[in-house]
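A.B. asks: Quick one: sequence plus predicted model below, questions after.
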Amino acid sequence: MVRCRCTADRGNNQLKSTLRSAWLSLALLTAANASFVSAEAPATEGLDDAIANAVMLDITFPDVPDDIDANAAYAIQASVVDGVFGKKIVGYKAGLTSSAVQRQFGVTQPVLGVLPDVARLGPKVSLPHVPGLKIEVEIGFLVGIDDEPAAMLAVIELPRLAYADMKKVSLADIIATNVSAYRFITGPTGMLDPDVRKYPVSLDRDGTELFSSFASDADGDPYNVYGWMITRIRQLGYWLKPGMILITGSLGRAVDAEPGNYVAHYGKLGKLEFKITGDVHAPPEPKP
């Protein structure tokens with residue numbers, strides 16, 4: 001069929017004009033959406049690698065955007081743990097187990113971190129100070145058959161709170177950085193006691209008592225925390241097996257790990273001794 005060329009040209013020009021307008025509208029809409037996403041979406045790309053780097057080099061953690069939710073923060077945590085430690089996991093830790101600290105971060109339950117195999121130390125160990133190192137007296141449990149506790153044990157946790165500004169630390173920071181897990185010391189193991197919440201605990205440095213409290217500081221009862229941890233571990237898809245260690249949160253208060261000889265007392269569980277040396281290990285920060 002033969003068409004008039006001028007008619008065809010007019011039609012093509014009209015079509016091109018229509019398409020041009022449509023393309024322009026689409027481009028403006030796409031740019032607006034991209035601007036909205038850029039402004040609203042948290043910048044999490046590469047955070048897991050940056051946190052993993054901080055874990056391996058004992059340097060300051062990168063800032064985690066405050067507006068990411070707990071699920072996204074746990075996804076970053078899982079990526080960090082898998083990338084740095086793989087399957088070499090010996091247990092889990094609970095953080096934010098006191099109601100006062102939970103109110104501070106606007107939550108009503110603890111948070112969960114992972115304990116790698118390389119973090120476990122024995123009693124009477126001597127270890128160097130690192131920036132941000134804290135000392136926490138805790139009650140731990142050995143996991144038994146069917147996720148039931150099999151035994152209790154005395155534990156000292158040594159988290160590394162290496163944040164650039166502690167006043168700006170958010171819930172997302174805590175979760176994504178694996179709840180500051182660094183080292184932990186396991187002490188005497190005892191039979192399960194339903195009254196463990198009544199156990200007095202205290203911490204001495206060079207013969208001077210730093211604080212005293214009770215095991216009930218862990219959410220009212222370490223058993224309560226243990227039950228919560230089992231559920232949360234399963235929810236997050238982490239693996240759990242008999243023999244793993246679950247530590248149930250700070251008792252009394254966390255103290256700065258200043259050089260000295262320490263003795264932690266756990267009532268019927270006995271005591272746990274360790275030493276922090278003055279060899280401050282402060283590797284240089286990487287260049288930007």
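C.D. replies: Received it, and whenever you're ready, just let me know what you need. Numbering: from 1, shown residues only.
A.B. asks: wait, is Leu123 part of a helix?
C.D. replies: One thing to correct before we go on: residue 123 is Pro, not Leu. No. Assigned with DSSP: H, G, I helix; E, B strand; the rest coil, Pro123 falls outside any helix and is coil.
A.B. asks: how deep is it tucked in, by neighbour count?
C.D. replies: Number of residues near Pro123 (other Cβ atoms under 10 Å) recorded here: 16. The C-beta positions use only the backbone N, C-alpha and C, and glycine is treated the same way.
A.B. asks: wait, what's in contact with it?
C.D. replies: The contact partners of Pro123, by Cβ atoms under 8 Å, 6 or more residues apart in numbering, come to 185-188, 272-274.
A.B. asks: Kindly recompute the last result at 6 Å.
C.D. replies: 187, 272 (Cβ atoms under 6 Å, 6 or more residues apart in numbering).
A.B. asks: Next, work out how far apart it and Val130 are.
C.D. replies: 20 Å (Cβ to Cβ, to the nearest Å).
A.B. asks: for Thr277, same thing?
C.D. replies: 11 Å.
A.B. asks: More neighbours: which of these two?
C.D. replies: Under the criterion of other Cβ under 10 Å, the comparison of Thr277 against Val130 puts Val130 first, with 20 against 12.
A.B. asks: mind checking the SS state of Thr60?
C.D. replies: Secondary structure of Thr60, per three-state DSSP, is coil.
A.B. asks: Near Leu192, how many other residues are there?
C.D. replies: 14.
A.B. asks: What ranges in this protein fall below the confidence cut-off?
C.D. replies: The chain contains residues with pLDDT under 70 at 1-43, 279-288.
A.B. asks: Domain ranges for it, per the record?
C.D. replies: 1-41, 47-277 (automatic domain parsing).
A.B. asks: winner for burial among those?
C.D. replies: Across the domains of the chain, averaging neighbours per residue (mean count of other Cβ atoms under 10 Å) puts domain 47-277 on top, at a mean of 18.
A.B. asks: Who is the residue nearest to Lys271 when sequence neighbours are not counted paired with across the strands?
C.D. replies: Computed as Cβ to Cβ, 6 or more residues apart in numbering, the closest residue to Lys271 that is not its neighbour in sequence is His265, at 5.0 Å. Counting by DSSP bridges, His265 forms beta bridges with Ser202, Lys271.
A.B. asks: How much space separates His265 from Glu138?
C.D. replies: His265 is 13 Å from Glu138, by Cβ to Cβ.
A.B. asks: what's the overlap in contacts for the two?
C.D. replies: Common contact partners of His265 and Glu138 (Cβ under 6 Å, 6+ apart): none.
A.B. asks: The residue nearest to Lys271 contacts Glu273, correct?
C.D. replies: No. Judged on Cβ atoms under 6 Å, His265 makes no contact with Glu273 at a distance of 10.3 Å.
A.B. asks: Name whatever forms a beta bridge with Arg160.
C.D. replies: Going by DSSP bridges, Arg160 forms beta bridges with Leu133.
A.B. asks: Next up, the contacts around it.
C.D. replies: 132-133, 180, 182.
A.B. asks: for the chain, what spans make up the helices?
C.D. replies: 5-40, 47-57, 70-85, 99-104, 171-176, 222-236 (DSSP state H).
A.B. asks: Take the contacts of Arg160 and lay them out in CSV including distance to Ala100.
C.D. replies: CSV is the format used below for those (distance: Cβ to Cβ, whole Å):
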residue, distance to Ala100
Gly132, 21
Leu133, 22
Ser180, 18
Tyr182, 23
